[in-house]
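next input, structure requested:
(chains A and B)
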Amino acid sequence: MAWETRNGVGRYYTRSKRVNGRVVREYIGTGPLAELIAAQDAERRAEREQQRQAWNAERSELEALESSVDRFSGALSQLTGLLLVNAGYYRHHRGRWRRRRDQGD
Amino acid sequence: MTKEIDTADRTDKTIAELLRRAEQGDQKVLPIMRKLMKDFPAVAEEAGNLALVVKSALLDASAGDHLFLREAQEQRMRLLTKELAGPNPTRLERLLAERIVLCGLQLHIAEYRSARADSIPITQADYHQRCIDRAQKRYFSAIKTLAQIRKLGLPALQVNIAAEGGKQVNLQASD
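Below you'll find the model as predicted:
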């Protein structure tokens, strides 16, 4: 969003928007009404930016939590697997753990 | 031809490869696995420490600076872990019970964050839903593992260490 002047004369508030893939400039106007619209636009932009930042922070936090739980879960799965293999169990085609026949009961 | 495994390498990737081969019945990896198992108490200790870090991060996310809420949640987690681990649990059972409780709290956080988010774009709602789905999957898998370990009746790991004078000292990994 910008204020535009022509040959150093006038001060027009404009908005740019995309129409059918092309950027089109919309002339809003000049004077106090244009100032008011520009202020409202700036407020909306700031609000959107704030929401974007809040969402990014929320997402980062959720991702960090997930990754730490995943790390712990992974470590524990490996530990469990090591213990089971050591105790004579195996997994048939990554299915359920079974005891090897030669290990006895 | 099978790839050789570096016995000194204890990274997740190597252990995962080792497990994959052991599960397929590759006898060659068994001596390496036995060597690894001697370090079980240290590895379990490490997993326990990791659980503390995860717990603290989850409590930060769910209770923040609200000390009373934090304390109440911590107390609830302790009781739940104890209840899930059952009487005389092995070290592994305790860790697996702890994992269930941590995964449960993470699922609760994901659900709460999703419910709290009002009038959000469809992409964000979708992100929350996928987050809940993954947390649910992890939670159920954690429950299944503990149940499976109980069903298999995995004995507490015993490590034999030769003491002075040729006598054997038995160390149990149960606590």
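
what ranges do the strands span in chain A?
All strands of chain A, identified by DSSP state E, fall at A:2-6, A:9-19, A:22-29, A:89-91, A:97-99.

now for the second one, which elements pack on it?
Contact analysis of strand A:9-19 by 3 or more CB pairs under 8 Å, 6 or more residues apart in numbering or on different chains; DSSP states H and E lists strand A:2-6, strand A:22-29, helix A:31-86 as its packing neighbours. In this view, the C-beta of every residue, glycine as well, is placed from N, C-alpha and C.

with respect to chain B, which of the ones you listed lies nearest?
Judged by CB to the nearest CB, the one of these that comes nearest to chain B is helix A:31-86, at 4.3 Å.

now the angle from the helix ranked longest in chain B to helix A:31-86?
When chain B is parsed with DSSP state H, its longest helix is helix B:122-152. Interaxial angle, helix B:122-152 versus helix A:31-86 (axes from the mean of the first three to the mean of the last three CA atoms, to 10 degrees): 20 degrees.

okay, the strands of chain A in CSV with mean pLDDT next?
Listed next are the strands of chain A as CSV, based on pLDDT from 0 to 100:
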stretch, mean pLDDT
strand A:2-6, 85
strand A:9-19, 89
strand A:22-29, 91
strand A:89-91, 80
strand A:97-99, 80
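
can you redo the ones you listed as a markdown table with mean neighbour count?
Shown next, in a markdown table, are the strands of chain A (neighbours: other CB atoms under 10 Å in any protein chain shown):
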| stretch | mean neighbour count |
| --- | --- |
| strand A:2-6 | 11 |
| strand A:9-19 | 12 |
| strand A:22-29 | 11 |
| strand A:89-91 | 17 |
| strand A:97-99 | 16 |
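
as JSON lines, those with distance to A:Ala54 would be great.
Listed next are these as JSON lines, based on distance: least, CB to CB, whole Å:
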{"stretch": "strand A:2-6", "distance to A:Ala54": "27"}
{"stretch": "strand A:9-19", "distance to A:Ala54": "25"}
{"stretch": "strand A:22-29", "distance to A:Ala54": "29"}
{"stretch": "strand A:89-91", "distance to A:Ala54": "44"}
{"stretch": "strand A:97-99", "distance to A:Ala54": "45"}
